[in-house]
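In: got a predicted structure here, sequence first:
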Amino acid sequence: MGELVFAGLLPHPPIVVPEVGGGELERARQTVAGMREFSARLATARPEVVVLISPHGPVFSDAVAITAVDRLTGSLADFRAPGVRFDYPNDLEMVELITRRCLARRIAVASVDRDLCREYGVTASLDHGAMVPLYYLRQVGWQGRLVAVAMGFLPLEELYSFGVALQEAIRDGGKRVAVVASGDLSHRLTPDAPSGYDPRGKEFDQQIREMVERLDVPGLVSLPSDLVERAGQCGLRPLLMMLGALDGLEVDTQVLSYEGPFGVGYMVAAITPKGENPGRRMEKQLFGQRKVRLRQVREVESAPVRLARASLEAYVREGREIPVPEEVPPDLAVPAGAFVSLKKHGELRGCIGTVGPTHPSVAAEIIHNAIQAGTEDPRFNPVRPEELDELVYSVDILQPSEPIKGLEDLDPKRYGVIVRSGRRSGLLLPDLEGVDTAEEQVAIAKRKAGIGPHEKCQMERFEVIRYK
């Protein structure tokens with residue numbers, strides 16, 4: 001029977017590779033020391049195979065990608081170090097075992113072979129999220145087979161389940177295996193950070209560090225979505241996939257280093273399995289928590305949201321459009337434009353709305369637009385009956401718009417924006433995750449309208465009443 005012998009989290013800034021960073025390496029000396037110590041511990045565990053989970057490989061919204069070519073190769077040429085090259089044999093037997101275990105759990109897996117690369121325009125080459133950790137593993141003399149996994153944008157609980165499937169595949173395979181998650185923490189720690197500054201970046205990193213030290217998996221899965229979004233990070237998903245491989249195991253966890261020298265949080269954490277511990281089986285607990293969260297959301301839904309939910313559920317399950325209720329609150333009896341947004345496990349699942357009234361009342365507007373959001377948003381497939389219980393709704397009722405002169409009249413947290421150029425127009429709602437400046441807001445609205453970034457356009461702003 002195979003054995004998971006070592007695991008952990010490594011950052012992946014190319015600047016910590018001497019051939020890339022040069023004199024800047026000294027600014028990240030804690031990270032370099034941590035990566036060296038991690039790699040030495042991994043080598044001592046003598047894994048025959050390393051499963052490396054990166055956030056920068058071929059990432060899919062509905063599947064976990066596993067590279068399925070004979071050899072895994074790459075170089076740091078994109079970072080001005082073409083001489084730093086990597087070439088490892090892929091453990092295709094392990095790839096097959098992981099795939100089988102995932103399919104048994106109904107976790108979608110994309111096998112990244114040559115045909116898939118051509119179809120989706122992706123590459124099977126190693127990305128820097130894999131190559132930077134491999135650089136340090138190579139420095140301590142590790143040689144073996146590699147499995148390259150890319151994180152997916154599946155719900156966090158399902159990514160943890162991927163890790164459980166990985167643990168099962170390791171036991172099936174009969175080899176000594178290490179699982180390494182590659183990921184950086186907040187990219188927004190300082191004003192000169194690459195993704196801009198957000199004061200909550202430091203809060204996110206502190207919580208991640210504390211939760212990893214005590215291996216608080218439920219806490220990691222339950223982190224507020226706005227905190228995760230504002231942190232601008234790439235490590236949470238690979239981290240949870242790796243932790244799933246430790247489900248039901250007693251472990252020794254140690255954070256070897258943490259620093260943010262370039263405005264990005266780099267954490268090195270080493271985890272050594274110590275045998276079985278049934279008390280650490282978390283998978284069922286995580287899915288139970290998700291059901292509780294969804295039930296709590298439903299218990300406090302507003303009247304507009306309850307109407308939107310009833311509308312879409314009746315249409316998807318029975319193929320009918322419900323009538324406007326005989327009695328509705330006064331604010332739903334007047335005509336106005338409205339947007340209905342659907343989210344599934346924190347990710348957008350549909351959003352359709354009207355700038356102005358197209359029905360006699362807001363209630364009728366919501367009934368119609370809820371159906372449209374669930375079945376006609378061109379970005380998504382129609383909502384299936386089995387998804388309905390997983391959806392979270394919000395309804396925005398638009399207030400009258402007013403023309404503005406420029407960006408100085410916008411506040412993306414308070415105002416939505418409408419851009420117009422001839423017959424082309426685009427709208428963006430206010431207070432959206434990841435939209436922090438008026439410039440970003442207008443740029444997105446222009447893209448939606450098909451207006452070029454440098455084209456002049458007329459702009460209007462509006463406020464909304466948002467219901468959840």
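Out: Received, thanks.
In: tell me which element the residue nearest the centre of the chain falls in.
Out: Residue closest to the average C-alpha location in the chain (CA atoms, centre = their mean): Phe153, at 4.9 Å. Element membership of Phe153, judged by DSSP states H and E, is empty: it is in no helix or strand.
In: same question, the one 5 residues further on
Out: Secondary-structure assignment from DSSP H and E places Glu158 in helix 156-173.
In: circling back: remind me which helix or strand the closest residue to the residue nearest to the centre of the chain other than its chain neighbours belongs to.
Out: Leaving out its chain neighbours, the residue that sits closest to Phe153 by CB to CB, 6 or more residues apart in numbering is Ser61, at 4.5 Å. For the C-beta atoms, the positions are set from N, CA and C on the backbone; glycine is no exception. Using DSSP H and E, Ser61 falls within no helix or strand.
In: next one: the one 4 residues further on
Out: Counting by DSSP H and E, the secondary-structure element that holds Ala65 is strand 64-67.
In: show me what that strand packs onto, helices and strands only.
Out: helix 92-104, strand 109-112, strand 145-150 (3 or more CB pairs under 8 Å, 6 or more residues apart in numbering; DSSP states H and E).
In: switch those over to a markdown table; also include mean pLDDT and distance to Arg298.
Out: A markdown table is the format used below for the helices and strands packed on strand 64-67 (pLDDT from 0 to 100; distance: least, CB to CB, whole Å):
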| stretch | mean pLDDT | distance to Arg298 |
| --- | --- | --- |
| helix 92-104 | 97 | 30 |
| strand 109-112 | 95 | 32 |
| strand 145-150 | 98 | 34 |
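In: need the residues that contact the strand holding Ala65.
Out: 57-59, 90, 95, 98-99, 102, 107-112, 124, 147-152, 154, 159, 162, 241 (CB atoms under 8 Å, 6 or more residues apart in numbering).
In: of those, select the buried ones using a PyMOL command.
Out: Per 16 or more other CB atoms under 10 Å, the buried members of these correspond to this PyMOL selection:
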select buried, resi 57+58+59+90+95+98+99+102+107+109+110+112+124+147+148+149+150+151+152+154+159+162+241
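In: just to revisit the earlier point, list the strands paired with the strand holding Ala65, with their directions.
Out: strand 109-112 (parallel), strand 145-150 (antiparallel) (DSSP bridges).
In: what angle do the longest one and helix 92-104 make?
Out: This means strand 145-150. On the basis of axes from the mean of the first three to the mean of the last three CA atoms, to 10 degrees, strand 145-150 is oriented at 40 degrees to helix 92-104.
In: so how far is strand 145-150 off the chain centroid?
Out: In terms of CA atoms, centre = their mean, to the nearest Å, the centre of strand 145-150 is set 20 Å apart from its chain centre.
In: let me know the angle separating it from helix 156-173.
Out: Using the same axes, to 10 degrees: strand 145-150 against helix 156-173 is 160 degrees.
In: with just CA atoms, put strand 145-150 into PDB.
Out: This file holds the C-alpha atoms of strand 145-150, laid out as PDB (Å, rounded to 0.1, in the frame of the first residue of the first chain):
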ATOM      1  CA  ARG A 145       8.500  11.200 -10.800                       C
ATOM      2  CA  LEU A 146       6.200  14.200 -10.800                       C
ATOM      3  CA  VAL A 147       2.400  14.700 -11.100                       C
ATOM      4  CA  ALA A 148       1.300  18.200 -12.100                       C
ATOM      5  CA  VAL A 149      -2.100  19.300 -10.900                       C
ATOM      6  CA  ALA A 150      -3.800  22.700 -11.500                       C
END
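In: who's in contact with that strand?
Out: Residues outside strand 145-150 that contact it (CB under 8 Å, 6+ apart): 48-60, 64-67, 72, 88-91, 94-95, 98, 112, 126, 130, 134, 241.
In: could you redo the last one with a cut-off of 7 Å?
Out: Applying CB atoms under 7 Å, 6 or more residues apart in numbering, the contact partners of strand 145-150 are 48-54, 57-59, 64-67, 72, 88-91, 94-95, 126, 130.
In: same question for stretch 103-119.
Out: 58, 60, 62-69, 99, 102, 122-124, 158, 161-162, 165.
In: please pick the buried ones from the residues you listed.
Out: Going by neighbour count (16+ other CB under 10 Å), those have 58, 60, 63-69, 99, 102, 122, 124, 158, 161-162, 165 buried.
In: what's the closest non-adjacent residue to Glu321?
Out: According to CB to CB, 6+ apart, the nearest residue to Glu321 is Tyr315 (6.1 Å).
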